[in-house]
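# structure for this input, please:
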Amino acid sequence: MQTSDSEDEGWRDCVEYGLSTIAIGTDLRFRIRQMEELSLAASFSMLSEMKATSSEISGQRIWPGSYLLAEYVHANKDLVANKRVLELGAGTGLVSLVAQIAGATNVVATDGDVEVVKEILAWNIANNAKADGNVKAASLFWGNSTSSAAFQEQFGKDLFDVIVAGDVLYKGELIPLLLASVKEWLQPNGIFVLCHIPRADVSHEVLQKALTEQNMAFAITTKLMRTNLPEDCTVDDAKRALLYHITLPKHN
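As a prediction, the model looks like this:
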């Protein structure tokens, strides 16, 4: 059941933003704007909306998988260096900011929540990205043709060498939508790098089954930085995280 407008406004009206210093590696520091902790009632309202809709509304804060993915990109700069990079479900844009510093030629950070794009993502890019302007914020709703058309009008038809996403699958309905957008925007020889932490019904087994059904090849790495985690990135979450290197089906 969809949440009512009053419920939606309820938790959103409670949102307050603050600045957090986020450390990546030993040399990177970002001042990230993100949502402060909600009250218990507002948290239940937000969770209810997340369960009831296919909208990506979880980008108000840095999720553990995004942090782990940012650390991975920082430690493996060749992954994005001299590449055109798209981040899906970017939220705060932390991974995109790290990708720019790692040498990506062009980065587009996207989120399906327009409020996140306006209130968080755009601010973090404006106040943390290097001044060359090669990091952009945009709205992109997965698997939605209208959203894709608007995105194409803004950024053109060129596909991306690398797509990244961290901790974006918190219910099963999102898997086909995410993979549809990957298929639409990834170069045939490109790579999709996903840091996944099991949430609700999206276990690693469920994700891997979906990838196999889509004829998408994948390799898994467990070599993730799991020390010096931020306060809201639990050790348990970090232990359950896996990083997937995913490629598109081969066509003869």
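# contacts, neighbours, all on C-alpha from now
Fine.
# can you list the buried residues in the host helix or strand of A70?
Using DSSP states H and E, A70 sits in helix 64-75. Neighbour counts over helix 64-75 (16 or more other C-alpha atoms under 10 Å) mark P64, G65, S66, Y67, L68, L69, A70, E71, Y72, V73, H74 as buried.
# give the other helices and strands that the longest strand seen in the chain contacts.
Longest strand of the chain, by residue count under DSSP state E: strand 186-196. Applying 3 or more C-alpha pairs under 8 Å, 6 or more residues apart in numbering; DSSP states H and E, we find strand 186-196 packed against helix 64-75, strand 160-166, strand 242-247.
# do you know which of those lies nearest A90?
Nearest to A90 among these is strand 160-166 (6.9 Å), distances taken as C-alpha to C-alpha.
# which residue ranges of the chain form strands?
Counting by DSSP E, the strands of the chain are 17-24, 28-35, 84-87, 106-111, 135-139, 160-166, 186-196, 217-221, 242-247.
# check V202 and give its pLDDT.
Looking at V202, its pLDDT reads 96.
# same question, A210
98.
# before we move on, what about D132?
pLDDT, D132: 84.
# and it, how close does it get to A90?
20 Å (C-alpha to C-alpha, to the nearest Å).
# higher neighbour count, these two?
Taking neighbours as other C-alpha atoms under 10 Å, D132 and A90 compare with A90 leading, 33 against 7.
# residues contacting the more buried one?
The contact partners of A90, by C-alpha atoms under 8 Å, 6 or more residues apart in numbering, come to G59, S96, A109, T110, D111, L121, A165, G166.
# 7 Å instead?
Shown in contact with A90 (C-alpha atoms under 7 Å, 6 or more residues apart in numbering): G59, A109, T110, D111, A165.
# run a quick neighbour tally on V193.
Using other C-alpha under 10 Å, V193 has 23 neighbouring residues.
# quick check: beta-bridge partners of it?
V164, H245 (DSSP bridges).
# do you know which of the strands of the chain lies nearest S203?
strand 186-196 (8.9 Å).
# ok, the buried residues of helix 64-75 vs N128, which is closest?
Nearest member of the buried residues of helix 64-75 to N128, counting by C-alpha to C-alpha, is A70, at 14.4 Å.
# grab the nearest non-local neighbour of that closest one.
Closest residue to A70 apart from its sequence neighbours, by C-alpha to C-alpha, 6 or more residues apart in numbering: V95 at 4.6 Å.
# what's the burial count for that neighbour?
25.
# with the one 4 residues further on instead?
Neighbour count for A99, taken as other C-alpha under 10 Å: 29.
# then the one 4 residues further on?
Here the count is done by other C-alpha under 10 Å, and G103 has 17 residues near it.
# low pLDDT regions in this structure?
1-15, 37-60, 232, 252 (pLDDT under 70).
# again, only this time at 80
1-16, 36-61, 225-234, 251-252 (pLDDT under 80).
# might one say that the residue nearest to A70 is in contact with E71?
No: the pair V95 and E71 does not pass the contact test of C-alpha atoms under 7 Å, sitting 8.3 Å apart.
# in the sheet, who's paired with R31?
R31 has the following beta-bridge partners by DSSP bridges: T21.
# correct me, but it touches G18?
No: taking C-alpha under 7 Å as the definition, R31 is not a contact partner of G18, at 9.7 Å.
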